[in-house]
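My questions concern the predicted model and sequence given below.
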Amino acid sequence: MLDQNHLSFLRNIHLFNGLDDSQFDQVVNSSRLLSLHKDESLFSQGDDVKCFYIVYSGLVKLFRLSMDGQEKVIEIVTPGQSFAEALMFLERPNFPVSSSALNDAEVIMVDAAQFIRMLSSSPSTCLTLLGEMSQRIRGLVQEIDNLSVQNGRHRLSAYILEQAGIDNHIKLAVPKAVLASRLSIQPETFSRILKQLRSSSAISIDGSNIEILDRDQLEDYAMI
């Protein structure tokens with residue numbers, strides 16, 4: 001059941017903030033809140049797509065399993081981010097990834113069929129959605145470039161800089177093994193790179209807290 005806090009939250013999501021009251025009501029009346037425990041599955045690769053999701057709280061990972069059972073994390077979805085919305089435009093779509101909660105999480109499930117019906121009367125939302133999907137495609141192309149030309153130290157350094165922003169500090173919200181998979185780095189290599197960055201005095205590490213001590217050096221490692 002969505003309460004007023006959830007409705008206010010949805011109103012600020014890019015997919016909803018251009019809707020009039022009638023359109024918004026159409027969508028939220030067919031939406032519901034799901035509470036997930038840590039490691040609880042949301043959907044599995046190959047399942048039929050009947051809805052898309054918005055993370056309200058917690059973290060959700062999207063991943064694929066290789067033939068030998070190795071997990072590759074495709075994305076870590078944070079509060080305010082949506083996922084799987086592009087799939088609703090495919091004929092008889094299936095999820096190309098699996099999804100589960102990294103910690104206790106709440107997600108809002110939006111009925112895809114109802115959302116598409118609403119889109120037919122909202123060209124502005126169609127354009128917003130197209131813009132969002134275009135941005136994600138650009139991001140995926142950039143990630144492919146990074147994986148092709150950058151090594152693990154480059155990717156991890158760039159991630160720390162991106163997450164820290166001007167505060168020069170981040171708290172890792174996900175297990176290191178999950179983050180290593182997301183950055184396409186082996187867990188043991190991930191740990192070794194962190195130690196190298198700390199030994200070079202580019203960063204300090206205290207548990208899950210990382211502080212940037214020498215931004216110029218870290219930017220050199222990230223090839224910025």
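The structure has been received and is ready for your questions. Bear in mind the structure is a predicted one, so any value in this text is a computation, not a measurement. Numbers count the residues shown, from 1 in each chain.

unless I'm mixing things up, residue 110 is touching residue 31, no?
Yes. Residue 110 is in contact with residue 31 according to C-beta atoms under 8 Å; the separation is 4.8 Å. In short, each C-beta sits where N, CA and C put it, glycine included.

Surely residue 191 touches residue 185?
No. Residue 191 is beyond contact range of residue 185, at 9.6 Å (criterion: C-beta under 8 Å).

Check the residue most central in space within the chain and give its pLDDT.
Here the mean C-alpha position of the chain is nearest to the C-alpha of residue 77 (C-alpha atoms, centre = their mean), at a distance of 2.6 Å. As summarised for this prediction, residue 77 has a pLDDT of 94.

Please name the nearest non-neighbouring residue to it.
Counting by C-beta to C-beta, 6 or more residues apart in numbering, residue 60 is the residue found nearest to residue 77 once chain neighbours are left out, at 4.4 Å.

residues in contact with that neighbour?
Counting by C-beta atoms under 8 Å, 6 or more residues apart in numbering, residue 60 touches 36, 42, 53, 76-77, 83, 99-102, 105, 107.

related to what we said a few turns ago, of residue 110 and residue 31, give the one with the bigger neighbour count.
Taking neighbours as other C-beta atoms under 10 Å, residue 110 and residue 31 compare with residue 110 leading, 24 against 20.

Next one, pLDDT for the more buried one please.
Residue-level confidence at residue 110 comes out at 94, pLDDT.

Can you tell me how far it is from residue 218?
39 Å (C-beta to C-beta, to the nearest Å).

got it, and residue 31?
Residue 31 sits 42 Å away from residue 218 when distances are taken as C-beta to C-beta.

so who does residue 194 touch?
Going by C-beta under 8 Å, 6+ apart, residue 194 touches 156, 176, 203, 205.
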